[in-house]
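1. What would the 3D arrangement of this be:
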Amino acid sequence: MRGRSDEVQKKRLVTALVGAAVVLCFLYVYQGSIFGSQSSGATALEYGSKSLRKLGWGGDEDADDISSKFSLDDADDGIMVKSFPVCDDRHSELIPCLDRHLIYQLRLKLDLSLMEHYERHCPPPERRFNCLIPPPHGYKVPIKWPKSRDEVWKANIPHTHLAHEKSDQNWMVVKGEKIVFPGGGTHFHYGAGKYIAAMANMLNFSNNVINDEGRLRTVLDVGCGVASFGGYLLSSDVITMSLAPNDVHQNQIQFALERGIPAYLGVLGTKRLPYPSRSFELAHCSRCRIDWLQRDGILLLELDRVLRPGGYFAYSSPEAYAQDEEDLRIWREMSALVKRMCWKIAAKKNQTVIWVKPLNNDCYLQRRAGTQPPLCRSDADPDAVLGVNMEACITPYSDHDHKAGGGELAPWPARLTSPPPRLADFGYSNDMFEKDMDMWGRRVENYWNLLSPKIQSDTIRNVMDMKAHLGSFAAALKDKDVWVMNVVPEDGPNTLKVVYDRGLIGAAHNWCEAFSTYPRTYDLLHAWNIISDIERKSCSPEDLLLEMDRTLRPTGFIIFRDKQSVVDYVKKYMSALHWEAVATSDASSDSDQDGDEVVFIVQKKLWLSSRNSRDEE
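-> All right, here's what the predicted structure looks like:
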């Protein structure tokens, strides 16, 4: 009996070992294959963190020798980046730093009355979705501009809530497979075009044209809806930063960008807007549902900060015309506030009042001592924006700007190529400005030659320059039917004010974090040394590549201009990201400097998740 028992135990032991081996083999095969199939963000995160450790990103090591880090050989480190996991379909519209679910998960204690839940709250590294964002079911290549101003594919943004909620205001209408935009808004039911012309008439601009012969160029539309106001201003050579939060008005900024209209996700909450002082000639609010009287007028004072000398604030709201007791109370208090801010009424008619900001400091200096709101401290930087709290104070002009009285800017389009007034703040001469403009003119010409086999005149509409510097890349595109979001990284010179002086728009940003936009919203990204810069900050280049993929539309392009070692690094991820190479060029062919740079252009494929019954185009 003992011998038979020992034999049985041996058989059981062998069976157990075989079973364990089978399980281990299965886990190994599963781990290797999961990256080629649809998976959750958790699995993607695990893979991403392992990859970073093996590649050496994110550590405390010396980051001076970028080339050596980017030249790691796949065969040596054992990493073959064949595929990334695909995020769950419910994340097809993920905005990592504006994710309501993250706020709940992290149990952040935010003041809802101050709109803090609509401000940026980025995930910590362990909670990042390091996976590919899938397009929605039935996604199609977007309709081309200018037709896209008036219609988009419903499948690309499958949200019809606003069409029903705003049906009496003509925001948008569902028609078969498309969503159509008649151009209406809360206070311009009969179209943005007529509303804009009426506004120009109120201000006595010649021929009722809102650009005032080129003197009015940049506009901030707060609470913009689906951005029809900004869309219709484009025909007058006026460019608008349409701003709205990711709130209950479903996907309004996503609709704006799908239409090919400049737009940005943001909110007037507790932090300054990501724009320097004196950026806009006109701010606009059409029933934007903002309490301008709260916290001693701090939100109105933020608008004052970003308005130029002599800039306008157009306000269309019941408080401007209604006669009930509450509206009259708000109107009286708001009128008293803007008077203390030295604003004057430029025009008031029907549902709209337009105030104008003073040209110099004279009015501020004549106020009685103790008048509220006070002037901001003399040592406060009005151009510091990222993570900076708003203050309930008036931003006075510098001595130079006080003397100039707002008269330094050339009218558009001469403004684009004239040396900007604030250029001297960075120690740049007019000659340096001219050389920068010439250099980027040659570079952009080379880019378009490299892209020419792949694009038509209407292929590209929404463009982002990820490191805009003086804005000369965007200026070189002036004859193309495109608009450019000029992004100035927070850790470099704060040249965004020069970009705005040139009549362009943009935002400050930290590329260690996700950009405030929906997935699939840009046709072209220009990445000039941005990967090298990120690595110096000990951020993850892999995370940035995934963020660029999130931001880029299917069939869109990325122009990398960087060191050869960085381009080689990017090539390792091409297959995993579903990108394909379009062209490579020695950067010395279009530049007098930076001879070690290479131009590498890729295109994002149109791929579909397994839910769509196809894997790729």
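
2. packing partners for the one helix or strand residue 295 maps to?
-> Assigned by DSSP states H and E, residue 295 belongs to helix 294-306. Identification of packing neighbours for helix 294-306 by 3 or more C-beta pairs under 8 Å, 6 or more residues apart in numbering; DSSP states H and E yields strand 218-222, strand 280-286, helix 325-340. In this view, the C-beta of every residue, glycine as well, is placed from N, C-alpha and C.

3. can you list contacts of the next helix or strand after it?
-> Once the chain leaves helix 294-306, the next helix or strand it forms, by DSSP H and E, is strand 307-316. With contacts defined as C-beta atoms under 8 Å, 6 or more residues apart in numbering, strand 307-316 is touched by 186-188, 199, 203, 216, 278-287, 303, 343, 346, 351-360, 397, 401, 404-406, 409.

4. Mind checking the pLDDT average for the helix holding residue 295?
-> Mean per-residue pLDDT for helix 294-306: 98.

5. And for stretch 309-329?
-> 91.

6. Would you mark the buried spots in it?
-> 309, 310, 311, 312, 313, 314, 315, 316, 317, 319, 320, 321 (16 or more other C-beta atoms under 10 Å).

7. Adding distance to residue 229, write the residues you listed out as a markdown table.
-> What follows is these, written out as a markdown table (distance: C-beta to C-beta, whole Å):
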| residue | distance to residue 229 |
| --- | --- |
| 309 | 23 |
| 310 | 21 |
| 311 | 17 |
| 312 | 14 |
| 313 | 14 |
| 314 | 10 |
| 315 | 13 |
| 316 | 10 |
| 317 | 14 |
| 319 | 19 |
| 320 | 17 |
| 321 | 19 |
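
8. ranges for the helices of the stretch 401-550 of the chain?
-> 414-417, 430-451, 472-475, 496-501, 530-536, 541-551 (DSSP state H, counting those that start in this stretch).

9. could you dump those to JSON lines with mean pLDDT?
-> Compiled in JSON lines, these are given as follows (pLDDT from 0 to 100):
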{"stretch": "helix 414-417", "mean pLDDT": "98"}
{"stretch": "helix 430-451", "mean pLDDT": "97"}
{"stretch": "helix 472-475", "mean pLDDT": "98"}
{"stretch": "helix 496-501", "mean pLDDT": "98"}
{"stretch": "helix 530-536", "mean pLDDT": "92"}
{"stretch": "helix 541-551", "mean pLDDT": "97"}
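
10. follow-up on the earlier one: how far does the helix holding residue 295 sit from its chain's centre?
-> The chain centre lies 23 Å from the centre of helix 294-306; the measure is C-alpha atoms, centre = their mean, to the nearest Å.

11. now for the helices and strands packed on helix 294-306, which one comes closest to residue 573?
-> strand 218-222 (36.8 Å; C-beta to C-beta).

12. now the closest one against helix 294-306, angle please.
-> 160 degrees (axes from the mean of the first three to the mean of the last three C-alpha atoms, to 10 degrees).

13. re earlier: pull the helix holding residue 295 out as PDB, backbone CA atoms only.
-> C-alpha atoms of helix 294-306 as PDB (Å, rounded to 0.1, in the frame of the first residue of the first chain):
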ATOM      1  CA  GLN A 294     -18.400  87.300  -8.200                       C
ATOM      2  CA  ARG A 295     -15.300  87.600  -6.000                       C
ATOM      3  CA  ASP A 296     -15.000  91.400  -6.500                       C
ATOM      4  CA  GLY A 297     -15.200  91.100 -10.300                       C
ATOM      5  CA  ILE A 298     -12.100  88.800 -10.600                       C
ATOM      6  CA  LEU A 299     -13.300  87.200 -13.800                       C
ATOM      7  CA  LEU A 300     -14.000  90.600 -15.500                       C
ATOM      8  CA  LEU A 301     -10.500  91.700 -14.300                       C
ATOM      9  CA  GLU A 302      -9.000  88.600 -16.100                       C
ATOM     10  CA  LEU A 303     -10.600  89.800 -19.300                       C
ATOM     11  CA  ASP A 304      -9.200  93.200 -18.600                       C
ATOM     12  CA  ARG A 305      -5.700  91.700 -18.300                       C
ATOM     13  CA  VAL A 306      -5.900  90.000 -21.800                       C
END
